[in-house]
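Engineer: Mind folding the following:
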Amino acid sequence: MDEVEAVSHSELDGSSEIAARRSRVPAVIRALRPKQWVKNVLVFAAPLASGRLLEWPVLRGTLLSLVAFILVSAFVYLVNDTRDLAEDRQHPTKRFRPIAAGELSVPVALALAVVCLAGGLVIGFWTSRMLGLVVLVYAGLQFTYSLWFKHRPIVDLALVALGFLLRALAGGVASGIPFSQWFLLVASFGSLFMVAGKRYSELVQLGSEAGTRPSLASYSPNYLRFVWAASATLVITFYGLWAFDQRGQGLWTAPWPAISIAPFTLAILSYARDIDRGEAGEPENVVLHDPMLMVLGLLWVVSVVLAVVVHPS
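Structural biologist: Numbers count the residues shown, from 1 in each chain. Modelled structure (predicted):
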């Protein structure tokens, strides 16, 4: 992933300026990658889809699952950064990460990783046995991914997508909420869509330097485009089937499940546009910095709430 020579002086200066700003935050905190915690809001998916999110036992379990996944995902990031230390030091932006930059030693990072893992598992099993098992499976899969499967084609897509899927399931298992077939299908292919889009964007950004990353070297842009395009098609299809499977008209006789298809589809298309431009290498950045996507997401949430709360299936 050596792209240093391809980066202009102005880009390097910009990266240095970003690093200087980030240095005001303690290295220990930055090593936990708080910006990427936004991925863990997926734990709200099942409670929201069931229309039970505002019930206190469900909300409590969802919030605890959020904390558990923040801690365990931090464990994964720390292990991954120590594993990829040499590679990250050759990357134009990742070289500013605390471990790669030498701000946080490897022994301290690994000790912090153990603390995060223990904290996440304790919270998970204390909340519910099933949540604890989901958190444990997530930690085990991501740990093996970082050590052995990260550079295996197809397998790396599957394991990272499974990580997103387990997040989406966590809020439901924490409160014993059953999953519909549509939820599982949408969550599964939605996860694959995001991961394939992430890999495609990384491939576009690195260009000829992509060969330095084994996880990308075996993929072609056309193949990854096929995967994320097919996944997006299936996500929209399965979501539409869920929406039309709902009965009744809801508030003011409006068919809110069907109405929710519009913002959902437009949000997928908006995200796909970011992927196509090679700007979805970090999904959390897309979510936080794309105003149109945020507006569509809000409209979708409102329509889903009206669909499942005002008139549950």
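Engineer: Where does the prediction get shaky in the stretch 51-200 of the chain?
Structural biologist: By pLDDT under 70, the low-scoring segments of the stretch 51-200 of the chain are 91-92.
Engineer: Helices of that one, residue ranges please.
Structural biologist: Here the stretch 51-200 of the chain has its helices, by DSSP state H, counting those that start in this stretch, at 56-83, 85-88, 106-127, 129-144, 155-175, 181-206.
Engineer: could these be laid out in CSV, adding distance to residue 244 and mean neighbour count?
Structural biologist: (Glycine included, C-beta is placed from N, CA and C.) CSV is the format used below for the helices of the stretch 51-200 of the chain (distance: least, C-beta to C-beta, whole Å; neighbours: other C-beta atoms under 10 Å):
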stretch, distance to residue 244, mean neighbour count
helix 56-83, 26, 21
helix 85-88, 47, 15
helix 106-127, 35, 17
helix 129-144, 30, 19
helix 155-175, 22, 23
helix 181-206, 10, 22
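Engineer: want to throw the ones you listed into JSON lines with distance to residue 287?
Structural biologist: As requested, those are exported to JSON lines (distance: least, C-beta to C-beta, whole Å):
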{"stretch": "helix 56-83", "distance to residue 287": "16"}
{"stretch": "helix 85-88", "distance to residue 287": "23"}
{"stretch": "helix 106-127", "distance to residue 287": "22"}
{"stretch": "helix 129-144", "distance to residue 287": "20"}
{"stretch": "helix 155-175", "distance to residue 287": "13"}
{"stretch": "helix 181-206", "distance to residue 287": "10"}
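Engineer: Ok, which of those helices comes nearest residue 273?
Structural biologist: helix 181-206 (10.5 Å; C-beta to C-beta).
Engineer: Give me the helices and strands touching that closest one, please.
Structural biologist: Here helix 181-206 is seen to pack against helix 45-50, helix 155-175, helix 214-217, helix 221-245, helix 261-276, helix 283-289 when contacts are counted using 3 or more C-beta pairs under 8 Å, 6 or more residues apart in numbering; DSSP states H and E.
Engineer: For the residue sitting nearest the centre point of the chain, give me its contacts.
Structural biologist: Closest residue to the average C-alpha location of the chain: residue 39 at 4.0 Å, with C-alpha atoms, centre = their mean. Residue 39 makes contact with 73, 164, 167, 283-284, according to C-beta atoms under 8 Å, 6 or more residues apart in numbering.
Engineer: if you set the cut-off to 10 Å instead, what comes out?
Structural biologist: 33, 69-70, 73, 163-164, 167, 194, 282-284, 287 (C-beta atoms under 10 Å, 6 or more residues apart in numbering).
Engineer: Looking at the residues you listed, which is nearest residue 269?
Structural biologist: Using C-beta to C-beta, these come closest to residue 269 at residue 194, 14.2 Å.
Engineer: just to revisit the earlier point, what separation do you get for the residue nearest to the centre of the chain and residue 74?
Structural biologist: Distance of residue 39 to residue 74, given as C-beta to C-beta, to the nearest Å: 12 Å.
Engineer: ok, now residue 258?
Structural biologist: Computed with C-beta to C-beta, the distance linking residue 258 and residue 74 is 40 Å.
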